[in-house]
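Visitor: the amino acid sequence is not available; the structure is as follows:
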């Protein structure tokens, strides 16, 4: 007997003359085969569950991927993506964005400069995947002819995004900033979307201010009729009539309606600011946008307890414009490059 057999006998305490009966051999064989089959079934179930998990993950990824491909972006999302194309300088720029059919994948994204003092005309295209965004930097303003024949004046620091196929479908734009719109009546609805309200019109002219970093949204209707809605349900739908002005404060969720207005809000297109009970801090912020400067003043200037009313000429240099404000008569206006300092006279 070799050593390995002897070791096995020692381990299982098998005597030299021990043998298994035929029935015992059959029972032992049956037990071994059951154990083998059980292990094979376990391995098969394990492999099957692993394959199923991999398939499930793959199908989940495929579903998500295809769902993403079928995602139709809204115009606010397109506006946000398009702003990535702009460079920081003092030129009016236009970015064109082509999206794949039902996908936000970028085909091309580029920006080009627009010559000053020219009416920017955007040609209509028959492809729904083409969007344009116009950027007017601080210190500038721009008149734009939209593909449907409507015109809009964009104030300083404004972005306007729209689909270039505005002739066949319902017309839609997204505004971050201030614009004076003169909408051409084509029979299809025109919707001007902003971060704080949606404006739905047919054919009309109105001025709206909706800078995303401002608390106040305002709209003044000059002609026609518009319907004002809140995407966040901050206020109920409002149908406006000519001569009405609505101001919405997003901080305290208040809505103020003025009637029999004179179209003062759009005077900025003629380089005039019509102001009514405007706080000094807000006034200086508007002047910064118009002239593309940074204004530095003591807190006592910003916190002046006044509400400025009247017209301010912004067609002159900034020092002349600020000096015309009565409350600043005892202050010196010092301009150095793009910084303006308001310092009290000695």
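Guide: That came in fine, so what should we check first? All of these numbers come straight from a predicted model, not from anything done at the bench.
Visitor: strand partners of the helix or strand where residue 227 lies, parallel vs antiparallel please.
Guide: Under the criterion of DSSP states H and E, residue 227 resides in strand 226-229. Strand 226-229 sits in its sheet next to strand 198-201 (antiparallel), strand 238-240 (antiparallel), going by DSSP bridges.
Visitor: can I get those in CSV including mean pLDDT and mean neighbour count?
Guide: Every residue, glycine included, has its C-beta placed from N, CA and C. What follows is these, written out as CSV (pLDDT from 0 to 100; neighbours: other Cβ atoms under 10 Å):
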stretch, mean pLDDT, mean neighbour count
strand 198-201, 93, 20
strand 238-240, 94, 16
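Visitor: redo these as a markdown table? Include distance to residue 278.
Guide: As requested, the strands paired with strand 226-229 are arranged in a markdown table below (distance: least, Cβ to Cβ, whole Å):
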| stretch | distance to residue 278 |
| --- | --- |
| strand 198-201 | 23 |
| strand 238-240 | 22 |
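Visitor: how many neighbours does the residue lying closest to residue 128 once chain neighbours are set aside have?
Guide: Among residues not flanking residue 128 along the chain, residue 165 sits closest, at 5.1 Å (Cβ to Cβ, 6 or more residues apart in numbering). Residues contacting residue 165 under the criterion other Cβ atoms under 10 Å number 18.
Visitor: next SSE after the longest strand along the chain?
Guide: Determined from DSSP state E, the single longest strand within the chain is strand 171-182. Later in the chain than strand 171-182, the nearest helix or strand by DSSP H and E is strand 190-193.
Visitor: next, give phi and psi for residue 235.
Guide: phi -150, psi 160 (degrees, to the nearest 10).
Visitor: isn't it right next to residue 248, touching?
Guide: Yes. Using Cβ atoms under 8 Å, residue 235 is in contact with residue 248, at 6.8 Å.
Visitor: burial measure for residue 210, as a count.
Guide: Residue 210: 25 surrounding residues under other Cβ under 10 Å.
Visitor: ok, now which ones touch the closest residue to it other than its chain neighbours?
Guide: Leaving aside its chain neighbours, residue 210 sits nearest to residue 194 (3.6 Å; criterion: Cβ to Cβ, 6+ apart). Residue 194 sits next to 174, 175, 176, 208, 210, 217 when contact means Cβ atoms under 8 Å, 6 or more residues apart in numbering.
Visitor: same deal with residue 332?
Guide: 342, 343, 344, 345 are the contacts of residue 332 under Cβ under 8 Å, 6+ apart.
Visitor: same question for the one helix or strand residue 95 maps to, mean pLDDT?
Guide: With elements taken from DSSP H and E, the one containing residue 95 is strand 92-99. Here strand 92-99 scores 84 as its mean pLDDT.
Visitor: now stretch 143-157
Guide: 93.
Visitor: residue 322 in helix, strand or coil?
Guide: helix (DSSP: H, G, I helix; E, B strand; the rest coil).
Visitor: do you know how far it is from residue 138?
Guide: 16 Å (Cβ to Cβ, to the nearest Å).
Visitor: could you check which of the two has the larger neighbour count?
Guide: Regarding residue 322 and residue 138, a neighbour count based on other Cβ under 10 Å identifies residue 322 as having more, with 21 against 17.
Visitor: now the spatially closest residue to the more buried one that is not a sequence neighbour: phi and psi?
Guide: Counting by Cβ to Cβ, 6+ apart, residue 322 lies nearest to residue 333, which is 4.9 Å off, once chain neighbours are set aside. Torsion angles at residue 333 (phi, psi; degrees, to the nearest 10) stand at phi -110, psi 110.
Visitor: quick check: bridge partners of residue 333?
Guide: Those that pair with residue 333 in a beta bridge, by DSSP bridges, are residue 342.
Visitor: can you list the strands that the longest strand of the chain pairs with?
Guide: With DSSP bridges as the test, strand 171-182 pairs up with strand 151-154 (antiparallel), strand 158-163 (antiparallel), strand 190-193 (parallel), strand 205-210 (antiparallel).
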